[in-house]
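# from the sequence below, what's the structure:
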Amino acid sequence: MPRVPSRLLLVPSLLACCAAVAACAGSSDSRAQRAARAESRVEFVDDSAISVSAEDYASVFDAARDALRAAGFVIDRVDAAAGVITTEPMGGMEAIKSPLLRQAGGASLHRTAWRARATFSADDKKNPPDLRLDPGTRTLRFEVVELREYRPSRRIDTTSVAYAWDFSDRVLAGRGLEPEYTVTGARNLRAESLLAQKVNAKRP
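The predicted model follows:
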């Protein structure tokens with residue numbers, strides 16, 4: 001059997017190496033392209049903090065309350081002296097219809113609700129007696145948090161919802177966790193940013 005020169009044996013190896021290098025380069029390029037496309041789809045969340053002067057406090061406070069109402073929230077507490085506006089939980093069809101949650105994401109028919117809060121804090125002191133009289137600047141921040149409802153004493157049968165059944169756990173009942181309880185989940189930063197934009201749009 002004739003012997004094959006060793007230099008000829010190197011040719012397939014060189015070809016294989018070139019192909020591997022080309023494949024790696026192509027793979028690297030495709031990863032870079034995918035990363036660029038993903039980055040182009042990212043919408044950065046603006047800072048939801050707003051600086052408010054003493055002269056603008058009353059008008060900005062009203063604008064924050066109006067923004068929450070326009071988003072579909074029902075106002076629960078309004079305290080201009082403390083600089084706090086809170087809402088009742090919004091879930092179900094109200095959340096589905098909310099223009100804020102439709103734009104920011106979070107509208108769902110599952111056992112999920114949302115609660116919003118607007119807080120004004122004085123920049124020069126921690127706890128002023130009355131923000132309406134404080135001469136310094138304030139900072140407005142929104143907080144929109146997810147509320148998840150759990151029913152630990154209810155079991156759903158895998159064959160049909162009609163066969164669901166309830167039971168009682170004395171430990172859970174003693175903790176006040178029956179028949180249901182709510183856990184605070186993640187914040188919706190996009191919704192907070194949109195609320196801040198609504199307030200800024202009404203400022204003079």
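# can you pull out the low-pLDDT segments for this structure?
Along the chain, segments meeting pLDDT under 70 span 1-47, 106-111, 125-126, 149-182, 204.
# need the longest strand for it.
The longest strand of the chain (DSSP state E) is strand 138-150.
# roughly how far does A71 sit from S98?
6 Å (Cβ to Cβ, to the nearest Å). Backbone N, C-alpha and C define where each C-beta goes, glycine included.
# flag every buried residue along stretch 51-59.
52, 56-57 (16 or more other Cβ atoms under 10 Å).
# the chain: helices as residue ranges?
Along the chain, counting by DSSP state H, helices occupy 6-41, 57-70, 92-97, 99-104, 170-174, 189-202.
# circling back to that earlier point, can you list the strands that the longest strand of the chain pairs with?
Strand 138-150 sits in its sheet next to strand 50-52 (antiparallel), strand 112-122 (antiparallel), strand 181-187 (antiparallel), going by DSSP bridges.
# deepest-packed of the ones you listed, please.
For the strands paired with strand 138-150, average neighbour numbers computed from mean count of other Cβ atoms under 10 Å are highest in strand 112-122, which has a mean of 21.
# how about that one as CSV, C-alpha atoms only?
Output of strand 112-122 as CSV, limited to C-alpha atoms (Å, rounded to 0.1, in the frame of the first residue of the first chain):
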residue,chain,number,x,y,z
THR,A,112,-53.9,39.7,41.1
ALA,A,113,-54.6,43.3,42.0
TRP,A,114,-52.6,46.5,42.0
ARG,A,115,-52.3,49.2,44.6
ALA,A,116,-50.8,52.6,43.9
ARG,A,117,-49.3,55.2,46.2
ALA,A,118,-48.0,58.8,45.7
THR,A,119,-45.6,60.1,48.3
PHE,A,120,-44.2,63.6,48.7
SER,A,121,-41.1,63.8,50.9
ALA,A,122,-39.3,66.9,52.1
